[in-house]
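**Q** Sequence unavailable; structure follows:
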């Protein structure tokens, strides 16, 4: 009988539901579904078509979270950065450390991060100045 939290006897049996991964990463489960649809974090599926996250998926989720939320990249930029990390074999074991190194070398400062995040938060219509009608 498997424990309720999804932990198996060894790391190969480690399978976690979407709610546990979402709470661990600090995002909403819907966010993980969007990442799955966009191809950023695609977990394996069980026979009943439910998402099943492994340790590798959780580690990749941390990288995706860092790229999207902390660095302020959009989904296209995150995909590009992940493909760069995949191409570089020396960084394939620990992508999070590689990401920190790339951020450091790319001179992504706090100001750049805050500006990117602010720009990404601006969505929808921009407020237009209202015309003052004279009576």
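**A** Looks like it arrived, so ask away. Remember, predicted model here, so these are calculated numbers, not experimental data. Numbering: from 1, shown residues only.
**Q** all helices for this protein, in order.
**A** 18-25, 29-38, 55-65, 75-87, 95-105, 110-121 (DSSP state H).
**Q** now those as a markdown table including mean neighbour count, distance to residue 47 and mean pLDDT?
**A** All C-beta atoms are positioned from the backbone trio N, CA, C, and that covers glycine. Shown next, in a markdown table, are the helices of the chain (neighbours: other Cβ atoms under 10 Å; distance: least, Cβ to Cβ, whole Å; pLDDT from 0 to 100):
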| stretch | mean neighbour count | distance to residue 47 | mean pLDDT |
| --- | --- | --- | --- |
| helix 18-25 | 16 | 16 | 94 |
| helix 29-38 | 16 | 18 | 92 |
| helix 55-65 | 18 | 18 | 91 |
| helix 75-87 | 15 | 28 | 80 |
| helix 95-105 | 15 | 30 | 72 |
| helix 110-121 | 12 | 37 | 72 |
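**Q** Rebuild those as TSV, extending it with distance to residue 48.
**A** Formatted as TSV, the helices of the chain follow (distance: least, Cβ to Cβ, whole Å):
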stretch	distance to residue 48
helix 18-25	13
helix 29-38	16
helix 55-65	18
helix 75-87	28
helix 95-105	30
helix 110-121	35
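**Q** List just the one of those that sits closest to residue 45.
**A** helix 29-38 (9.7 Å; Cβ to Cβ).
**Q** Which strands and helices lie in contact with the closest one?
**A** Contacts defined by 3 or more Cβ pairs under 8 Å, 6 or more residues apart in numbering; DSSP states H and E place helix 29-38 against helix 18-25, strand 51-52, helix 55-65.
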